[in-house]
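Asks: My questions are about this predicted structure, shown below with the sequence.
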Amino acid sequence: MLFALPGYASQPADTIPGDYINRPEVKAFIDKLVDEQGFERDFLEALFYNVKQNSKILAKVNAPAEGISWQRYRKIFITPERIRAGVAFWQQHDSLINTISRQYGIAPEYLVAIAGVETYYGRHTGSYPVLQSLTTLAFDFPKRGRFYKKELVEFLLLCREEHLSPLKLHGSYAGAMGIPQFIASSYRFYAVDQDGDKVRDLWQVADALGSIANYFKQHGWQSGMPVAIKAQTTGSGYLNMADTVARKPRYTLAQLQAAGVRPQGDFEAGKVVLVQMNGKTTPEYWIGSRNFYVITRYNHSPKYALAVHQLAQAIMAGRQKP
């Protein structure tokens with residue numbers, strides 16, 4: 001299948017190109033897309049011709065929010081304003097959210113919280129041209145260049161499949177799109193047409209929330225299972241069991257209890273993880289379930305998963321107030 005961009009042809013030889021079109025690695029990338037994916041060479045050359053490196057993108061990707069302390073990270077997302085906005089968002093879309101929750105078996109407060117953490121319930125979906133973001137990161141961010149080259153291919157395939165213009169889509173500095181901030185591969189494989197209009201539009205609330213729910217379901221969310229609970233610790237036997245990165249649940253509560261870890265309440269969740277967070281003065285410890293791990297499939301930082309959990313709980317509590 002060939003894919004052409006209306007109104008674009010090969011650029012005149014005497015025009016000044018952007019940063020990428022004459023680079024050998026970009027030419028090789030275009031060759032591969034033509035040979036393996038059936039794109040038209042003229043289309044790709046026209047598309048990349050004026051794409052320029054964005055230094056702000058490189059600065060941001062080298063200093064992600066997940067790199068700051070848990071206390072600072074938490075203050076970004078767990079605020080009275082964001083909680084109130086989450087309650088209002090849920091009230092506005094109550095019927096839709098409850099329908100999606102029942103359809104996919106996902107707790108509704110976590111659907112709302114993901115939208116709240118990612119884009120403040122759709123208010124801030126990103127202003128960076130996705131093509132520029134992915135091109136900059138694919139060819140000028142060696143640490144994860146392979147990943148972003150793959151996402152650039154996925155983005156172009158997505159645009160072809162969904163009849164979208166690669167030049168018009170905007171998102172985060174890392175190329176994430178829409179209310180749920182899906183990267184291109186997630187958009188292709190997990191986005192759903194929740195409202196039945198034959199378009200998967202992640203800037204539209206129904207499709208966005210349905211896609212979040214589908215993403216969680218496909219990654220193994222267990223309906224009715226709790227997500228996380230704070231723990232008390234004694235002794236030092238638990239220290240080699242605590243993680244600061246996302247890992248699959250691998251301990252039983254009995255194993256944690258034998259090592260000096262006690263959940264601050266009831267927590268029935270099968271296998272669990274013990275997560276260490278930097279507290280104000282001493283570390284905080286949290287027990288996470290399979291569902292906690294599922295949230296880290298959305299963003300691999302335990303800080304992110306815990307922020308989603310705490311925002312979800314705060315929004316639920318806000319809804320229950322008279």
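Replies: That came through, no problem.
Asks: ranges for the helices of the stretch 101-250 of the chain?
Replies: Secondary structure of the stretch 101-250 of the chain (DSSP state H, counting those that start in this stretch): helices at 108-119, 130-140, 145-162, 184-190, 205-218.
Asks: between those, which one is nearest to residue 304?
Replies: In terms of CB to CB, the element of the helices of the stretch 101-250 of the chain nearest to residue 304 is helix 108-119, at 7.2 Å. C-beta coordinates here come from the backbone N, C-alpha and C atoms, glycine included.
Asks: helices and strands around that closest one, which ones?
Replies: In terms of contacts (3 or more CB pairs under 8 Å, 6 or more residues apart in numbering; DSSP states H and E), helix 108-119 is packed against helix 80-92, helix 94-104, helix 205-218, helix 302-320.
Asks: repeat that for 6 Å
Replies: Applying 3 or more CB pairs under 6 Å, 6 or more residues apart in numbering; DSSP states H and E, one finds that helix 108-119 contacts helix 80-92, helix 205-218, helix 302-320.
Asks: Of the ones you listed, which is nearest residue 127?
Replies: Closest among the helices and strands packed on helix 108-119, using CB to CB: helix 205-218, at 17.8 Å.
Asks: Now that closest one: buried residues?
Replies: The neighbour-count check on helix 205-218 (16 or more other CB atoms under 10 Å) flags 205-217 as buried.
Asks: still on that earlier bit, any chance of TSV for the helices of the stretch 101-250 of the chain, columns mean pLDDT?
Replies: Below are the helices of the stretch 101-250 of the chain laid out as TSV (pLDDT from 0 to 100):
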stretch	mean pLDDT
helix 108-119	98
helix 130-140	97
helix 145-162	98
helix 184-190	98
helix 205-218	98
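Asks: how about low-confidence regions in the stretch 201-322 of the chain?
Replies: For the stretch 201-322 of the chain, no stretch is flagged by pLDDT under 70.
Asks: sorry, back to before: could you point out which of the helices of the stretch 101-250 of the chain sits nearest residue 175?
Replies: Across the helices of the stretch 101-250 of the chain, closest to residue 175 is helix 130-140 (CB to CB), at 4.3 Å.
Asks: Quick one: distance of the closest one to the chain centre.
Replies: Helix 130-140 has its C-alpha centroid displaced from the chain centroid by 17 Å (CA atoms, centre = their mean, to the nearest Å).
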